[in-house]
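Undergrad: build me a model from this:
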Amino acid sequence: MDKRVQLALMAAVLLGGGKYLYLNGGILPYQVEPLQVAQRGIELEQCLYAAQMAFDVHWAAACTTQVGADDSAECDLPDTKAAVVNAWLNDEEKRCMAEARGTRLSRLSAKDGPR
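TA: As a prediction, this is how the structure comes out:
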């Protein structure tokens, strides 16, 4: 192949690629922002950990209100109380997942928290 034809083809490819990057904001379809993905993963993990820690505190607080309970933070709550604490944890986990996806859910109001 003639050198001029090779040069023209190479220039066309480079110009076409440059135009593609210019029109798409410099992002190729297969590119992922690794730092943002890692940061979201860390934020999700921290949110879920905080929710689990708060769940443990709420469970322990509910245990201390049990009649005849000792000073232990571990107990078997009645189904009604356990359902309230478990529902709170489920709501917090959903909020964490929504935040990780980039949507924001408002925190639960004080009346919706565990009793």
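Undergrad: for the rest of this, base every contact and every neighbour count on C-alpha atoms.
TA: Noted.
Undergrad: low-confidence ranges in the chain?
TA: Residues of the chain meeting the criterion pLDDT under 70: 1, 21-22, 24-33, 67-73, 103-115.
Undergrad: how is it carved up into domains?
TA: 1-31, 32-112 (automatic domain parsing).
Undergrad: for the spatially most central residue of the chain, give me its contacts.
TA: Geometric centre of the chain, nearest residue: Ala100, 2.6 Å, by Cα atoms, centre = their mean. When contacts are counted by Cα atoms under 8 Å, 6 or more residues apart in numbering, Ala100 touches 40-41, 43-44.
Undergrad: counting neighbours, which of the residues you listed comes out on top?
TA: For the contacts of Ala100, the largest number of neighbours (other Cα atoms under 10 Å) sits with Leu44, at 20 neighbours.
Undergrad: what about Gln66, is that helix, strand or coil?
TA: Counting by DSSP: H, G, I helix; E, B strand; the rest coil, the backbone at Gln66 sits in coil.
Undergrad: in space, what's closest to it - neighbours in sequence excluded?
TA: Distance criterion Cα to Cα, 6 or more residues apart in numbering; nearest residue to Gln66, sequence neighbours excluded, is Leu77 at 7.8 Å.
Undergrad: how much space separates that neighbour from Ala98?
TA: Here Leu77 is placed at a distance of 29 Å from Ala98 (Cα to Cα, to the nearest Å).
Undergrad: any idea how far Asp79 is from Val57?
TA: As judged by Cα to Cα, Val57 and Asp79 stand 18 Å apart.
Undergrad: compare neighbour counts for the two and give me the winner.
TA: Using other Cα under 10 Å, the more surrounded residue of Val57 and Asp79 is Val57, with 13 against 9.
Undergrad: and the next helix or strand past the host helix or strand of that one?
TA: Here Val57 is covered by helix 34-64, with elements defined by DSSP states H and E. Next helix or strand after helix 34-64 toward the C-terminus (DSSP H and E): helix 79-101.
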